[in-house]
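Student: give the three-dimensional model of this entry:
(one chain, ligands or ions: 1)
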Amino acid sequence: MSFDITVSGASLEAVERIVPQLVTDLVASRIAGQDSSLWGQDAEAEAAKRLGWTEAVVVSDPLVPDILALRDRLRSAGVDHVVLGGMGGSSLAPEVITRTAGVELTILDTTSPGQILAALSDRLPTTAVVISSKSGSTVETDSHKRVYEKAFRDAGIDPIERIVVVTDPGSPLDVSARADGYRVFNADPNVGGRYSALTAFGLVPAGLAGVDIAALLDEASSVAGRIAVDQDDNPALILGAAIAGTRPLKDKLGIIADGTYIVGFADWAEQLIAESTGKLGKGLLPVVLEKDAPELGDNLPDLQIVRLVESARATEEVEEGEIEISGTLGAQMLVWETAIAVAGRILGIDPFDQPDVESAKEATRGLLNDRPELPAPAFVDGGIEARATADALTASGSILGAIDALLAQLPSDGYLSIQAYLNRHQLAKAVELRELLAARADRPVTFGWGPRFLHSTGQFHKGGPAVGVFLQLTADEPRDLEIPDRPFTFGELIRAQAQGDAAVLALHGRPVLTLTLTEPADGLRSLLSLLS
Ligand SMILES: O=P(O)(O)OC[C@H]1O[C@H](O)[C@H](O)[C@@H](O)[C@@H]1O
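Tutor: Numbers count the residues shown, from 1 in each chain. Just a heads-up that it's a prediction; the model follows:
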């Protein structure tokens with residue numbers, strides 16, 4: 001078992017209709033051969049520098065001994081804890097890889113001051129930090145590096161001994177880290193962030209944390225031959241057609257872990273699917289669902305279920321209308337990457353760009369420069385401040401009324417996105433809002449931690465079909481944290497990120513309700529009880 005897929009219902013019909021054409025067009029072998037003309041003329045220049053992932057397994061192989069040697073050196077220096085600072089493609093793959101292997105890796109893909117302070121005070125004397133950024137210019141990751149450099153120095157530890165950098169050759173981070181004497185791993189610059197799982201970005205943090213990364217590459221390698229051939233049973237062609245070819249298009253992909261040994265696969269797949277396809281008003285929205293999610297009982301015509309099952313089950317009868325997939329983690333990563341490239345061709349979009357991500361970053365920068373006063377809340381109810389992009393949303397003067405007014409804006413093909421700019425560890429229960437609101441909305445509901453999701457599903461929210469409504473949760477965190485040599489703190493940054501994204505969503509005509517928990521723990525408790 002390296003990878004199995006079974007399709008039924010509308011997705012089976014799509015596979016039967018589309019795969020023969022994909023075979024005739026030699027799509028599989030052309031992807032494997034890095035043919036950049038597959039997505040049309042407008043996409044060709046970008047695709048020409050974004051197809052390196054097709055040979056990632058071979059290119060990455062020589063990295064493995066270097067990573068393992070560094071792991072041994074750090075361990076013999078007493079390191080027993082690895083932290084990763086990185087966003088999007090630079091953290092999501094290491095997350096699923098280490099969670100699946102049951103190996104500890106502390107991931108900082110946040111700007112929550114409380115969450116970062118907690119990491120800084122956790123085993124600092126025996127900690128190594130991986131700073132990962134392809135572009136080498138991501139503000140969150142640069143800030144993680146700055147605070148850890150200071151913390152190590154303050155503790156009398158030379159940061160050069162403890163910080164490892166992963167970046168593309170020639171990036172600003174590559175240049176400065178090499179000049180400072182850090183250990184740097186470079187990755188193939190012809191691979192985009194969300195396609196970088198099997199490159200240094202997935203392998204360095206996971207390998208240093210203790211995962212058997214050679215085995216992961218072997219898993220991917222075992223499926224590489226099958227996905228490169230122009231045949232009807234090529235699993236990447238089947239998956240691409242099944243998710244992107246249904247008629248009418250079922251453009252919400254409900255991904256359910258149901259027996260797979262992989263922990264958190266959908267968190268990784270979310271970025272690959274949403275950021276690759278969500279543009280030009282089109283795209284596939286990944287919705288991470290539990291086995292008993294309210295959406296499953298709603299018989300939603302635009303929801304395609306993808307069930308990740310254990311190996312034996314994939315060969316049994318598939319649940320009507322669903323796609324069932326099994327496979328090892330390495331194999332799944334490579335098949336999904338290829339399938340999304342195939343889906344891009346079917347949908348008529350460039351799967352390798354992310355034209356709308358920059359807009360939220362720009363808005364954030366503008367707010368940090370200009371420092372406008374936060375507008376007064378429309379109302380405060382039980383310690384929760386409410387602000388919205390339209391007065392009608394807050395006219396009721398109550399939290400429940402405002403949430404219902406937001407849900408009333410949902411079109412029949414819409415979705416609700418919950419965006420929690422919160423301390424993920426302290427307020428972990430915020431994820432429970434998803435089930436409660438899905439039961440209330442009768443439409444698909446997604447949940448993302450901010451600012452993490454901005455580098456993942458954020459592209460879809462702005463570039464995909466304009467049918468989303470947005471619930472932002474922010475908090476007045478009790479402690480803030482300076483970012484060394486920066487004119488703003490983490491607290492100011494996370495606030496500007498939420499405000500900046502809301503402003504851009506509003507420019508796209510989308511409704512946004514922002515609830516600020518002035519006492520975070522109490523506020524979340526009362527929100528959960530209000531909705532229960
Ligand atoms: O690895 P970095 O260059 O820091 O980028 C991290 C993330 O940043 C952006 O938001 C991109 O849209 C993502 O695709 C990328 O994974």
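
Student: what is the burial count for the closest residue to the ligand within the stretch 1-150 of the chain?
Tutor: Proximity of the stretch 1-150 of the chain to the ligand (CB to the nearest ligand atom) peaks at residue 88, 2.7 Å away. (C-beta placed from N, C-alpha, C; glycine too.) Neighbourhood size, residue 88 [other CB atoms under 10 Å]: 29.

Student: likewise for residue 381?
Tutor: Each residue near residue 381 was counted by other CB under 10 Å, and the total is 19.

Student: and residue 160, by the same measure?
Tutor: As a burial measure, residue 160 scores 13 neighbours (other CB under 10 Å).

Student: which residues of the stretch 301-450 of the chain lie near the ligand?
Tutor: By CB under 6 Å from any ligand atom, the part of the stretch 301-450 of the chain that sits against the ligand consists of 354, 357.

Student: how about the strands in the stretch 301-450 of the chain?
Tutor: For the stretch 301-450 of the chain, the strands defined by DSSP state E, counting those that start in this stretch cover 303-309, 323-327, 379-381, 384-388, 415-421, 445-449.

Student: tell me the pLDDT at the residue lying farthest from the centre of the chain?
Tutor: Most distant residue from the mean C-alpha position of the chain: residue 156, 35.3 Å away (CA atoms, centre = their mean). Looking at residue 156, its pLDDT stands at 98.

Student: got it, and the one 10 residues further on?
Tutor: Residue 166 is assigned a predicted lDDT (pLDDT) of 98.

Student: for it, phi and psi?
Tutor: Taking degrees, to the nearest 10, you get phi -120, psi 120 for the backbone angles of residue 166.

Student: just checking, residue 286 is part of a strand?
Tutor: Yes. Counting by DSSP: H, G, I helix; E, B strand; the rest coil, residue 286 is part of a strand.

Student: report the contact partners of it.
Tutor: Counting by CB atoms under 8 Å, 6 or more residues apart in numbering, residue 286 makes contact with 253, 255, 266, 269-270, 273-274, 446, 457.

Student: try it again at 10 Å.
Tutor: Shown in contact with residue 286 (CB atoms under 10 Å, 6 or more residues apart in numbering): 243, 252-255, 266-267, 269-274, 277-278, 306, 444, 446, 456-457, 460.

Student: per-domain residue ranges of this structure.
Tutor: Domain ranges of the chain: 3-52+230-347, 61-215, 357-531, per automatic domain parsing.

Student: tally up the residues packed near the residue nearest to the residue of the stretch 1-150 of the chain closest to the ligand when sequence neighbours are not counted, please.
Tutor: Closest residue in space to residue 88, ignoring its immediate chain neighbours: residue 455 at 3.0 Å, by CB to CB, 6 or more residues apart in numbering. Applying other CB under 10 Å, we find 26 residues neighbouring residue 455.

Student: from residue 134, how far out is residue 455?
Tutor: Using CB to CB, to the nearest Å, residue 455 is found at 11 Å from residue 134.

Student: can you check which residues contact both of those two?
Tutor: Common contacts of residue 455 and residue 134, defined by CB under 10 Å, 6+ apart, comprise 86-90, 193.

Student: any idea which of those is closest to residue 205?
Tutor: residue 86 (7.7 Å; CB to CB).

Student: quick one: contacts for the closest residue in space to the closest one that isn't next to it in sequence?
Tutor: For residue 86, ignoring the flanking residues on the chain, the nearest one in space by CB to CB, 6+ apart is residue 132 at 3.7 Å. Contacts of residue 132 were listed using CB under 10 Å, 6+ apart, and they are 84-87, 89-91, 93-94, 109, 138, 141, 144, 164-167, 173, 185, 187, 193, 196, 200-202, 204-205.

Student: likewise for residue 263?
Tutor: 95-102, 257, 329.

Student: can I have the buried ones of those as a ChimeraX selection?
Tutor: Listed next is the ChimeraX selection for buried residues among the contacts of residue 263, using 16 or more other CB atoms under 10 Å:
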select :95,96,97,98,99,100,101,257,329
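
Student: please flag which of the contacts of residue 263 sit within strands.
Tutor: Among the contacts of residue 263, the ones falling in strands (DSSP state E) are residue 257.

Student: would you turn the contacts of residue 263 into JSON lines with pLDDT and distance to residue 63?
Tutor: Shown next, in JSON lines, are the contacts of residue 263 (pLDDT from 0 to 100; distance: CB to CB, whole Å):
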{"residue": "95", "pLDDT": "98", "distance to residue 63": "19"}
{"residue": "96", "pLDDT": "98", "distance to residue 63": "19"}
{"residue": "97", "pLDDT": "98", "distance to residue 63": "14"}
{"residue": "98", "pLDDT": "98", "distance to residue 63": "17"}
{"residue": "99", "pLDDT": "98", "distance to residue 63": "22"}
{"residue": "100", "pLDDT": "98", "distance to residue 63": "20"}
{"residue": "101", "pLDDT": "98", "distance to residue 63": "18"}
{"residue": "102", "pLDDT": "98", "distance to residue 63": "23"}
{"residue": "257", "pLDDT": "96", "distance to residue 63": "29"}
{"residue": "329", "pLDDT": "98", "distance to residue 63": "18"}
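
Student: dump the contacts of residue 263 to a markdown table, plus distance to residue 177.
Tutor: What follows is the contacts of residue 263, written out as a markdown table (distance: CB to CB, whole Å):
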| residue | distance to residue 177 |
| --- | --- |
| 95 | 23 |
| 96 | 26 |
| 97 | 23 |
| 98 | 23 |
| 99 | 27 |
| 100 | 29 |
| 101 | 27 |
| 102 | 31 |
| 257 | 37 |
| 329 | 29 |
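
Student: spell out which parts of the stretch 51-200 of the chain neighbour the ligand.
Tutor: Contact residues (CB under 6 Å from any ligand atom) of the stretch 51-200 of the chain with the ligand: 87-90, 133-135, 138, 141, 193-194.

Student: mark which of these are part of strands, please.
Tutor: Judged by DSSP E, these include residue 133 as members of strands.

Student: turn the shared contacts of residue 455 and residue 134 into JSON lines, including pLDDT and distance to residue 363.
Tutor: Shown next, in JSON lines, are these (pLDDT from 0 to 100; distance: CB to CB, whole Å):
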{"residue": "86", "pLDDT": "98", "distance to residue 363": "22"}
{"residue": "87", "pLDDT": "98", "distance to residue 363": "17"}
{"residue": "88", "pLDDT": "98", "distance to residue 363": "18"}
{"residue": "89", "pLDDT": "98", "distance to residue 363": "22"}
{"residue": "90", "pLDDT": "98", "distance to residue 363": "22"}
{"residue": "193", "pLDDT": "98", "distance to residue 363": "21"}
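
Student: what ranges in this protein fall below the confidence cut-off?
Tutor: Scanning the chain for pLDDT under 70 picks out the ranges 1, 312-317.

Student: helix/strand/coil for residue 4?
Tutor: Using three-state DSSP, the secondary structure recorded for residue 4 is strand.

Student: do I have it right that it meets residue 260?
Tutor: No. If you go by CB atoms under 10 Å, residue 4 and residue 260 don't touch, sitting 11.5 Å apart.

Student: can you give me the helices for the stretch 351-500 of the chain?
Tutor: For the stretch 351-500 of the chain, the helices defined by DSSP state H, counting those that start in this stretch occupy 357-370, 391-394, 399-408, 432-441, 458-463, 490-507.
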